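Engineer: sequence and predicted model, in that order:
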Amino acid sequence: MTEVETQAEREGEAGRMEKLAQWFDSRLGLSHQFLRPVPEYAINPFYWLGALAVVAFVIQGVTGVMMMLYYVPTTAQAYSSTQFIFQSVAYGSFLETVHLYTAYAMILLAFMHLMRGYFVSVHKKPRELMWVVGMLMGLVTLGFGFTGYLLPWTVVSKSATDVGVGMIDALPQPISSFISFLIIGGGGAGAELLRFYDLHVVVLPAVLLVLLVVKMYLLESHGVSEPVTASPTQEGKRRLIPIFPDVSFYLLELAALFGSLMLFVAAAFPLTLAPQYTPQLASQFTAQPEWYFLWIYQLLKISAFEEAGLPVAISVVSVIIALIFLLPFIDRGKTRMIGQRPKYTTLGAIFAAEVIVLAYWGMVTPGRVIPNWQAALVLGGTAVAVALISLVLHRLIFRRLVTSSADARKALAAPSVRWASAWTAGSFAFLMALGALSIGWLVNSVSQALLGGSAEVLATLVLSAAGLAVTLLGTLYLLYRLDLGTGMIKRRIKAFEVGWRE
Amino acid sequence: MNRTARPADPRVLALLALLELLSVFYLWTLDATSLQGQRAFALILSLMLVSFSMISYVYRTERGGRGVSRGLLVAGCLLALAILFTNLTL
């Protein structure tokens, strides 16, 4: 064969390959950009907490499918098949441990993703629906935890699930029956286990995948949210980076480190299987839900919410969750800066702190009923402490923003301004403390009043309501004074200026 | 200078292949049902993932024309050593 013939043959082959590639490209659009590029400032782990939760979900899927090969979802064999995975299947104990720890990590990452999103205002226009879809994904994630925990059929898991089912029974009637039917089925332990298994391995993964696709579509439509910084982002940080290979490799790095951490924890703290569930053993055991439900459980253990007060507590929790769901339609201010949203950031910090405090408290006081005064003191104290920290941080941020110019620094150094600043900070601290305590006592006294309270309860109710009213009026007054000083008030309110000198 | 065009040294590739073979052989010898074996398996996988993330980091930053952070590389190496040490002590 001559050299010219070989060259022609090579060219022909290359042409055929090119044509084949073009055929696929025209049908599948491979050369088009699938995902929009990402700004450089998003190369930051905090921007990818949700993506890491998805990585955890994938690990869950892989390890879960492996365990499904051996697991039998019947009350007679659930425990023994789990035990078989632990003892006889190659790397079975490792699979179980990694499955459990990545489930914990997924819930923790989802919570961190939620709180980060809250503080940096990702819920604001035009990402309202992303927030709602994300919240739904969070609930599905909790559903994974709830349904999966029962499957080993240990005394710990069955008792914890019974606590959770008991919470559902306390919901208002149509909702309670519907959820009970959905998760327990026709009744009996066998039906419950099978229903939980179906939900865990079929329904919830399918729902989560659909929600994930919707969220990805919305993310693709709106892009990554802008960073929340005091000054406009540097132009260099706005440079767009293609998804492949740069961002993909970055995500792979994060995923690898996350996987490494999970494996390390699994090796350091391997799981041990608790004893099998029997009603006799369960009666000797103090039921305690998993850590991610402990905050709700601890709330329900407050003596005011015991027995008949349970619906009140469940309603309080439901209202909190509903408020978080509807946040984009409540917090509609345009500013996204943390320093300019003191109310919402303080509320968010109080919520996160209360959840952590309640969960820890629930962990160290299993099965113990919490006296009302203790609950008011701990919850009120936490709220006050967090509010004060938030106030100090806001003052610092505010001061840093204002003192950016030399003139402003000089003006702030004047004794009268210093005195006014101290007076304002003191008043805010007092109002926040009063507000937190009033809310604590108000919730307590309302729940007691619903159970048929005495004159003492009524007096507490009136006093706490008065305290709350004073807090609200005082805050409005203070804000009015501050805004008047900065010239932001357009219409003067005479009622707030009684006794003032012009 | 186009750093991505720099050819990899074949000796490095040979070394990596040898290490990979040794790792696979080591994993193959583990008892897959004992706790010790499973721990070692998890830690070796963990070590591999740390190494992979470091390689990916170096590739990504060099490709973007940015300098590789020595601090991060040292932290990664320390993490890898800590995992190895844990493997020996657990």
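Structural biologist: Done, it's in.

Engineer: CA only for contacts and neighbour counts going forward, please
Structural biologist: Fine.

Engineer: so A:P366: helix, strand or coil?
Structural biologist: Using DSSP: H, G, I helix; E, B strand; the rest coil, the secondary structure recorded for A:P366 is coil.

Engineer: my read: it touches A:T286, true?
Structural biologist: Yes: counting by Cα atoms under 8 Å, A:P366 touches A:T286, with 6.8 Å between them.

Engineer: these two: who's more crowded?
Structural biologist: Each of A:P366 and A:T286 has its neighbours counted (other Cα atoms under 10 Å in any protein chain shown); A:P366 has more, 16 against 12.

Engineer: give me the pLDDT value at the more buried one.
Structural biologist: Looking at A:P366, its pLDDT stands at 86.

Engineer: identify the residues contacting the nearest residue to A:V446 once chain neighbours are set aside.
Structural biologist: Closest residue in space to A:V446, ignoring its immediate chain neighbours: A:L461 at 6.7 Å, by Cα to Cα, 6 or more residues apart in numbering or on different chains. A:L461 sits next to A:441-442, A:445-446 when contact means Cα atoms under 8 Å, 6 or more residues apart in numbering or on different chains.

Engineer: low-confidence stretches in the stretch 101-250 of chain A?
Structural biologist: For the stretch 101-250 of chain A, residues meeting the criterion pLDDT under 70 lie at A:186, A:229-237.

Engineer: how about the strands of it, start to end?
Structural biologist: A:240-241 (DSSP state E, counting those that start in this stretch).

Engineer: and the helices in it, which stretches?
Structural biologist: Here the stretch 101-250 of chain A has its helices, by DSSP state H, counting those that start in this stretch, at A:128-150, A:155-169, A:173-184, A:189-198, A:204-222, A:248-268.

Engineer: what comes up buried for the fifth one?
Structural biologist: Judged by neighbour count using 16 or more other Cα atoms under 10 Å in any protein chain shown, the buried positions of helix A:204-222 are A:204-205, A:208, A:211-212, A:214-215, A:218-219.

Engineer: need the CA coordinates for the helix or strand harbouring A:A359. CSV is fine.
Structural biologist: Per DSSP states H and E: A:A359 is located in helix A:342-364. The C-alpha trace of helix A:342-364 is given here as CSV (Å, rounded to 0.1, in the frame of the first residue of the first chain):
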residue,chain,number,x,y,z
PRO,A,342,-31.1,42.5,62.3
LYS,A,343,-34.6,41.2,63.1
TYR,A,344,-34.4,38.2,60.8
THR,A,345,-30.8,37.3,61.6
THR,A,346,-31.5,37.5,65.3
LEU,A,347,-34.6,35.3,64.9
GLY,A,348,-32.6,32.8,62.8
ALA,A,349,-29.8,32.7,65.3
ILE,A,350,-32.3,32.2,68.2
PHE,A,351,-34.0,29.4,66.2
ALA,A,352,-30.7,27.6,65.5
ALA,A,353,-29.5,28.0,69.1
GLU,A,354,-32.9,26.7,70.5
VAL,A,355,-32.8,23.7,68.3
ILE,A,356,-29.3,22.8,69.4
VAL,A,357,-30.0,23.5,73.1
LEU,A,358,-33.2,21.5,73.0
ALA,A,359,-31.5,18.5,71.2
TYR,A,360,-28.6,18.4,73.7
TRP,A,361,-31.0,18.8,76.6
GLY,A,362,-33.2,16.0,75.3
MET,A,363,-30.1,13.8,74.9
VAL,A,364,-29.1,14.2,78.5
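
Engineer: around chain A, which positions in chain B sit nearby?
Structural biologist: Counting by Cα under 8 Å from any Cα of the partner chain, the positions of chain B adjacent to chain A are B:32-33, B:35, B:38-40, B:42-43, B:45-47, B:49-50, B:52-54, B:56-57, B:60, B:83, B:90.

Engineer: any idea which helix or strand comes after the longest helix along chain A?
Structural biologist: If you go by DSSP state H, chain A has its longest helix at helix A:415-450. Going down the chain from helix A:415-450, the next helix or strand is helix A:455-486, by DSSP H and E.

Engineer: got the angle between that next one and helix A:415-450?
Structural biologist: 150 degrees (axes from the mean of the first three to the mean of the last three Cα atoms, to 10 degrees).

Engineer: so how far is helix A:455-486 from its chain's centroid?
Structural biologist: From the chain centre to the centre of helix A:455-486 is a distance of 30 Å (Cα atoms, centre = their mean, to the nearest Å).

Engineer: give me the neighbour count for A:S225.
Structural biologist: 18.

Engineer: who touches it in this structure?
Structural biologist: A:S225 neighbours (Cα under 8 Å, 6+ apart): A:V122.

Engineer: and what of A:Y79?
Structural biologist: A:Y79 is in contact with A:152-154, A:276, counting by Cα under 8 Å, 6+ apart.

Engineer: most neighbours out of these, which is it?
Structural biologist: With neighbours taken as other Cα under 10 Å, the top of the contacts of A:Y79 is A:P152, carrying 27 neighbours.

Engineer: list phi and psi for that one.
Structural biologist: With angles defined as degrees, to the nearest 10, A:P152 sits at phi -70, psi -20.
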